[in-house]
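Q: Got a predicted model here, sequence first, then my questions.
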Amino acid sequence: MFIKAFRPHLRSIGVLATGHFPMPRFWSVYTAAPHRVLFLPGAIQGVIAMLWWLLDLESRLAGGVGLAVAGLPAPLLHGWLMVYGFFPFFIFGFLFTAAPNWLSGPGVSRTAYLSTALGLSTGAALLYFGQSSLGLLLHLLGWSAALQALLATLRAGKDADKRHAWATWAALCLGAAGEMLMLAGLLFERGEWLQPALELGVWGCLAPLFLTVCHRMIPFFTSRVVGDYVMIRPYAPLWAMWTACLLHVALTATGQGGLTWLVDLPLAALAFWFSSRWGFLRGFQVRLLAMLHVAFLWAGAAFVLHGLDSLAGFLGLAWSAGQAPLHALGIGFFGAMLIGMASRVSLGHSGRALRADTATWWLFWLLQVVAMLRMLPEMSAGLAPDRIVSVAGLAWVLVFGAWAWKYAPMAWRPRVDGKAG
């Protein structure tokens, strides 16, 4: 049954590869909606970025120098490729689709979302060829086009409550600031600016943005399928989580990483509180909804790990969680939530039923295994960390690649219900 679910997409890709799909029709379908234009390069980037990282790891394990590009050591480039070069494709594709609905405002123009996709895609591609400064500049231009488009929708929106939309836009502005800091570090040869730029991308942009989207969408989606459900969506705890994320950035930027537990542990408590109030167990009535609830649990777990790691350093203990908290956040929370939300958008906006089939369901759970596998060498002594990391990277390529293989064709295939978009 798992293989059978992929057969229609194999036929679709075969038609495209043999050139029997008329290019004008392909282009009109592919560019008909923003999520199509941005999800496809995002899916490709999610595979290529990890393949690059695997090749770099193997090169260094074999005694080579790795695949670093000018001004960016391999670990920092890996961080950029995932934080800035991968997630934003799906973030902008989602927000270009959702924000006009949130705001009862105008849709994002075709020129705006094509410009965004072109800038992000070209910029990311150039980094693989060693053009780091030019790549970051073009990537920033695509990011800027997206910010302008979202701002126009925000201003023209008729809905009185614009708090979620403004919050996501503010997070994306902080993400742009982080990427500008990285570009400045390259241009002015200030290597000490590069890691803070990544921290700003994770804690100033991705974490508060994902938390905001979850605050908006998880209780809403749950209310649509769970009977006798009361939407609980207070804003004060959300702003407290935002404050904690920004304080985390400030503390790490000023060399006070041993104090982030003061904000990380309360942040975890708020995440678990939201999860319980949103009805985690009741969400399992529908697979596609359960995916969102499970992904959000990773947020609380990641914040706990960050807090414990910081507290251990503060107390002078020998134990360290290493990169496990970061990957619990990046793969467990961001990655799993991306699969859940992008699957939902792809299905709904291609005219399909909002139902996760067996293949999607298993791929989602396999991604949880990937997250735990990547965290394993950081949390357990006596393991060969480099080899486990390589296995985890390969597992990501297989799992996310299989998901992309299944869902990417929806970007260029017409809606099954015959509607436009």
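A: Received it, and whenever you're ready, just let me know what you need.
Q: buried stuff in the helix or strand where Met372 lies?
A: Assigned by DSSP states H and E, Met372 belongs to helix 358-379. With burial defined by 16 or more other CB atoms under 10 Å, the residues of helix 358-379 counted as buried are 359-364, 366-368, 370-378. C-beta coordinates here come from the backbone N, C-alpha and C atoms, glycine included.
Q: helices and strands around it, which ones?
A: Judged by 3 or more CB pairs under 8 Å, 6 or more residues apart in numbering; DSSP states H and E, helix 358-379 is in contact with helix 287-315, helix 324-327, helix 336-348, helix 385-407.
Q: Export the shortest one to PDB, keeping only CA atoms.
A: I take that to be helix 324-327. Presented in PDB, the C-alpha positions along helix 324-327 are these (Å, rounded to 0.1, in the frame of the first residue of the first chain):
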ATOM      1  CA  ALA A 324      20.600  17.600  20.500                       C
ATOM      2  CA  PRO A 325      18.500  20.600  21.600                       C
ATOM      3  CA  LEU A 326      19.000  22.300  18.300                       C
ATOM      4  CA  HIS A 327      18.100  19.300  16.300                       C
END
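Q: low pLDDT regions in the chain?
A: 1-23, 64-68, 70, 380-384 (pLDDT under 70).
Q: List the contacts of the spatially most central residue of it.
A: Centroid check for the chain by CA atoms, centre = their mean gives Phe87 as the closest residue, at 3.5 Å. Contact analysis of Phe87 by CB atoms under 8 Å, 6 or more residues apart in numbering lists Gly42, Leu206, Phe334, Leu338.
Q: Let's have these in JSON lines, adding neighbour count.
A: As requested, those are exported to JSON lines (neighbours: other CB atoms under 10 Å):
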{"residue": "Gly42", "neighbour count": "28"}
{"residue": "Leu206", "neighbour count": "27"}
{"residue": "Phe334", "neighbour count": "26"}
{"residue": "Leu338", "neighbour count": "24"}
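Q: between those residues, which is nearest Gly348?
A: Using CB to CB, Leu338 is the member of the contacts of Phe87 that sits closest to Gly348, with 15.7 Å.
Q: if we can go back for a sec, how about the helices and strands packed on helix 358-379, which one is nearest Pro196?
A: Nearest to Pro196, of these and by CB to CB, is helix 324-327 at 14.6 Å.
Q: chain center to the closest one: distance?
A: Here helix 324-327 is found 14 Å from its chain centre; the criterion is CA atoms, centre = their mean, to the nearest Å.
Q: likewise stretch 214-230?
A: Worked out by CA atoms, centre = their mean, stretch 214-230 lies 22 Å from the chain centre.
Q: Any buried residues in that stretch, and which?
A: Cys214, His215, Arg216, Met217, Ile218, Pro219, Phe221, Thr222, Val226.
Q: Which among the helices and strands packed on helix 358-379 is found nearest to Asp56?
A: helix 385-407 (9.8 Å).
Q: helices or strands next to the closest one in the packing?
A: Against helix 385-407 (3+ CB pairs under 8 Å, 6+ apart) you get helix 7-18, helix 34-61, helix 336-348, helix 358-379.
Q: May I see those helices arranged in a markdown table, with distance to Ile232 as well?
A: Converted to a markdown table, the helices and strands packed on helix 385-407 look like this (distance: least, CB to CB, whole Å):
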| stretch | distance to Ile232 |
| --- | --- |
| helix 7-18 | 38 |
| helix 34-61 | 28 |
| helix 336-348 | 19 |
| helix 358-379 | 25 |
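Q: Go through the ones you listed and name the closest to Gly283.
A: From the helices and strands packed on helix 385-407, taking CB to CB, the stretch that ends up closest is helix 336-348, at 10.7 Å.
Q: Which neighbouring elements make contact with that closest one?
A: Looks like helix 336-348 contacts helix 34-61, helix 87-103, helix 207-225, helix 287-315, helix 358-379, helix 385-407 (3+ CB pairs under 8 Å, 6+ apart).
Q: Point out the most buried one among these.
A: Ranked by mean neighbour count, the helices and strands packed on helix 336-348 are led by helix 87-103 with a mean of 23 (mean count of other CB atoms under 10 Å).
Q: Tell me how far it lies from the chain's centre.
A: 12 Å.
Q: right, and the helix or strand after it?
A: Downstream of helix 87-103 (by DSSP H and E), the next one is helix 110-128.
Q: Which residues are in contact with the residue nearest to Ala149 when sequence neighbours are not counted?
A: Nearest residue to Ala149, sequence neighbours excluded (CB to CB, 6 or more residues apart in numbering): Ala112, at 3.7 Å. Contacts for Ala112 (CB under 8 Å, 6+ apart) come out as Phe96, Ala145, Ala146, Gln148, Ala149.
Q: Run a quick neighbour tally on the fourth one.
A: Residues contacting Gln148 under the criterion other CB atoms under 10 Å number 14.
Q: Got phi/psi on it?
A: Dihedral pair for Gln148: phi -60, psi -40, per degrees, to the nearest 10.
Q: if I look at it, how far off is Leu55?
A: Going from Gln148 to Leu55 by CB to CB, to the nearest Å gives 36 Å.
Q: How about Met82?
A: Counting by CB to CB - Met82 and Leu55 are separated by 15 Å.
Q: follow-up on the earlier one: can you list the helices and strands packed on helix 358-379 in CSV and add distance to Met231?
A: Listed next are these as CSV, based on distance: least, CB to CB, whole Å:
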stretch, distance to Met231
helix 287-315, 14
helix 324-327, 30
helix 336-348, 18
helix 385-407, 28
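Q: Identify whichever of those helices lies nearest to Ala177.
A: helix 324-327 (20.2 Å).
Q: And the contacts of the closest one?
A: Val202, Ala302, Leu305, His306, Asp309, Ala371, Arg374, Met375, Glu378, Met379.
Q: Assess the claim that Ser310 and Asp264 are in contact.
A: Yes. Counting by CB atoms under 8 Å, Asp264 is a contact partner of Ser310 at 6.1 Å.
Q: before we move on, the earlier item: just the buried residues of stretch 214-230 now: which is nearest Trp396?
A: Nearest member of the buried residues of stretch 214-230 to Trp396, counting by CB to CB, is Cys214, at 22.2 Å.
Q: from memory the closest one sits against His293, does it?
A: No. Here Cys214 does not reach His293: they are 9.6 Å apart, not a contact under CB under 8 Å.
Q: returning to that earlier point: gap between the residue nearest to the centre of the chain and Ile339?
A: Phe87 is 12 Å from Ile339, by CB to CB.
Q: And Gly300, by the same measure?
A: 18 Å.
Q: And for Leu281?
A: Taking CB to CB, one finds Leu281 at 20 Å from Ile339.
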